[in-house]
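Chemist: one predicted model, sequence on top.
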Amino acid sequence: MAAAFLAAAMALPAFAARIEVPASAEPLQAVIDRAAEDDVVVLLRGNHQGPVEIGKKLTLDGEPGARILGSGAGSVVVVKAENVIVRNLEISGSGRDLEAMDAGVFVTKTAHGSMVENNDIVGNLYGVYLHGARDAVARGNRITGIREGRSNEAGNGISVWNALGAKVIGNDIRFGRDGIYVVSSRHNLFEGNRFRDLRFAIHYMYTNDSEIRDNRSESNAVGFAIMYSNRLTIAGNSSRGDRDHGLLLNYANGSEISGNVVIGRLQSAERWKNAGRLAGAHAPAAADQDAGPAQPAGGMRLGPQKCVFMYNANKNRFHGNRFEGCEIGIHFTAGSEGNAIFGNAFIANQTQVKYVGTRNLDWSSDGRGNFWSDNPAFDLDGDGLADNPYRPNDLVDKVLWTAPRAKILLTSPATQVIRWAQAQFPAVLPGGVVDSHPLMSSPVPAMEVSQ
């Protein structure tokens with residue numbers, strides 16, 4: 001029995017030590033080098049000099065006010081071992097070499113399962129770089145990138161390269177280039193993050209079988225840019241006041257896009273409540289014509305030019321989304337085929353749909369279409385569906401897209417005659433989008449927009 005007890009005791013890991021490090025006591029790298037596997041190195045309040053490399057499994061923690069300052073060259077914290085934890089620290093002072101990928105925290109391809117959590121990562125070229133680290137996690141960090149200069153010359157808040165199973169959850173990211181940039185990866189989860197003052201909130205490239213859930217994009221150039229990626233779940237996200245596009249799909253295929261909200265001109269929601277159905281895409285309200293899009297402080301145009309832009313994006317399913325207050329609700333082009341678009345709400349967009357093509361596309365599924373705020377339809381049988389199909393575009397729209405100067409003729413009697421003739425004789429309508437079973441009320445409650 002004694003021998004068995006001794007063998008069991010020898011099999012147990014040694015107790016991890018807690019090593020408290022006063023500010024500026026000695027170079028932080030020396031403390032890390034002396035620490036044993038599984039130790040917890042706690043930095044006390046004050047400045048600690050970096051950079052530092054972590055080549056063994058341990059936890060680098062910080063008490064409130066603990067800061068690691070880089071030297072202005074290279075990355076501040078480099079993680080090279082598996083299952084390392086870096087948390088509760090303020091980290092700043094990386095280099096500015098884009099090619100070298102200088103970062104506040106750089107997690108290498110040997111650091112599988114490592115976690116970067118609850119840090120303030122300020123003024124670095126890249127905030128966190130998950131460089132091939134399988135199952136790594138970046139969670140709850142507050143990342144502020146470089147404010148000065150052109151955003152294209154800055155790094156990203158969080159970059160993910162070839163990091164199978166990596167998760168980016170609950171971070172707040174502001175300034176720099178892209179909030180999250182992912183390339184050549186798989187099975188990633190980006191959930192509950194918030195993005196402001198960036199080029200793209202989330203930028204996907206060549207990344208498949210992943211999820212983008214419950215993220216918030218505000219006042220960026222583009223909300224969610226999905227490129228050359230397949231089989232994604234994009235659900236519960238919101239884009240508010242993003243300048244050019246809320247959701248951009250470029251060569252993105254086979255994805256499920258549901259429960260998302262894109263709001264362009266922010267006053268449109270209040271107008272919708274007060275005015276009921278606004279004048280439609282063909283005849284915006286007089287106030288809209290006179291005032292144009294609202295302008296926020298600083299002169300940046302408020303709201304995306306397009307709620308959704310689809311370029312050669314195929315076999316995707318759009319349902320339960322709300323697209324509101326944009327210049328164009330959805331721009332659909334470059335041979336995008338096989339997409340199912342149903343159960344969405346298109347509200348108060350100046351042009352609900354822009355589709356330049358002659359194919360007939362029916363945006364309804366199993367007897368259920370979409371809600372269109374400018375559809376002056378009736379529901380005489382009370383089944384919740386309009387009695388007639390809805391066509392968001394006509395011949396006049398196609399002329400205006402190919403010859404924008406023709407707008408001067410928009411209110412002419414000839415234009416009105418053409419539109420009247422199309423209404424009376426449907427056979428003269430061009431090919432394009434038709435909703436055979438338009439909804440009479442929005443399937444996306446207004447309360448979801450305010451979340």
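Modeler: Alright, I've got the coordinates.
Chemist: where does pLDDT dip in this protein?
Modeler: Within the chain, the stretches with pLDDT under 70 are 1-14, 265-304, 334, 357, 394-412, 414-431, 446-451.
Chemist: what about the helices in it?
Modeler: For the chain, applying DSSP state H gives helices covering 2-11, 28-34, 268-275, 286-291, 395-402, 413-424, 446-449.
Chemist: how far away is the nearest residue to residue 183 once chain neighbours are set aside from residue 143?
Modeler: Nearest residue to residue 183, sequence neighbours excluded (C-beta to C-beta, 6 or more residues apart in numbering): residue 205, at 4.3 Å. Heads up, the C-betas are built off the backbone N, CA and C, glycines and all. Distance, residue 205 to residue 143, by C-beta to C-beta, to the nearest Å: 20 Å.
Chemist: with residue 109 instead?
Modeler: Distance, residue 109 to residue 143, by C-beta to C-beta: 21 Å.
Chemist: just residue 338 next, same as before
Modeler: 38 Å.
Chemist: more crowded one of those two?
Modeler: Between residue 338 and residue 143, counting by other C-beta atoms under 10 Å, residue 143 is the more crowded of the two (30 against 11).
Chemist: what sits against that one?
Modeler: 104, 121, 122, 127, 128, 157, 158, 171, 172, 173, 174, 176 (C-beta atoms under 8 Å, 6 or more residues apart in numbering).
Chemist: could you do residue 90 as well?
Modeler: Neighbouring residues of residue 90 by C-beta under 8 Å, 6+ apart: 62, 65, 66, 67, 68, 119, 120, 121, 122.
Chemist: now, those that are in strands?
Modeler: Residues from the contacts of residue 90 lying in strands, with DSSP state E as the criterion: 62, 66, 67, 68, 120, 121, 122.
Chemist: close enough to count as contact, the fourth one and residue 28?
Modeler: Yes - A contact is recorded between residue 68 and residue 28 when judged using C-beta atoms under 8 Å, the distance being 6.9 Å.
Chemist: which of the two has more neighbours?
Modeler: Neighbours around residue 68 and residue 28, counted as other C-beta under 10 Å, are more numerous at residue 68. The numbers are 26 against 21.
Chemist: any idea how far residue 364 is from the more buried one?
Modeler: Look at residue 68 and residue 364: by C-beta to C-beta, they are 56 Å apart.
Chemist: ditto for residue 132
Modeler: In terms of C-beta to C-beta, residue 132 sits 44 Å off from residue 364.
Chemist: ok, now residue 331?
Modeler: Residue 331 is 20 Å from residue 364, by C-beta to C-beta.
Chemist: over to residue 65?
Modeler: Residue 65 is 58 Å from residue 364, by C-beta to C-beta.
Chemist: tell me which of the two has more neighbours.
Modeler: Set residue 65 next to residue 364 and count neighbours by other C-beta under 10 Å: residue 364 wins out with 21 against 13.
Chemist: ok, the more buried one touching residue 370?
Modeler: Yes - judged on C-beta under 8 Å, residue 364 makes contact with residue 370 at a distance of 7.4 Å.
Chemist: now do the shared contacts for those two.
Modeler: Joint contacts of residue 364 and residue 370 (C-beta under 8 Å, 6+ apart) are 342, 435, 438.
Chemist: burial of the last one, as a residue count?
Modeler: Right, the one you point to is residue 438. Counted by other C-beta under 10 Å, the residues lying close to residue 438 total 25.
Chemist: contacting residues around it?
Modeler: With contact set as C-beta under 8 Å, 6+ apart, residue 438 has these partners: 364, 369, 370, 371, 372, 375, 377, 385, 386, 389, 390.
Chemist: for ChimeraX, write the selection for the buried entries among the residues you listed.
Modeler: Filtering these down to the buried ones (16 or more other C-beta atoms under 10 Å) takes a single ChimeraX command:
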select :364,369,370,371,372,375,385,386,389,390
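Chemist: what's the separation between the nearest residue in space to residue 97 that is not next to it in sequence and residue 435?
Modeler: Closest residue in space to residue 97, ignoring its immediate chain neighbours: residue 125 at 7.3 Å, by C-beta to C-beta, 6+ apart. In this view, residue 125 and residue 435 are 47 Å apart by C-beta to C-beta.
Chemist: of those two, who's got more company?
Modeler: More crowded of residue 125 and residue 435, by other C-beta under 10 Å: residue 435, with 27 against 24.
Chemist: isn't the more buried one right up against residue 365?
Modeler: No - with contact defined as C-beta under 8 Å, residue 435 does not reach residue 365; the gap is 10.5 Å.
Chemist: could I get the contacting residues of the residue nearest to residue 176 when sequence neighbours are not counted?
Modeler: Take residue 176 and drop its neighbours on the chain: the residue closest to it by C-beta to C-beta, 6+ apart is residue 145, 2.4 Å away. The contact partners of residue 145, by C-beta under 8 Å, 6+ apart, come to 123-125, 127, 154-157, 173-177, 198.
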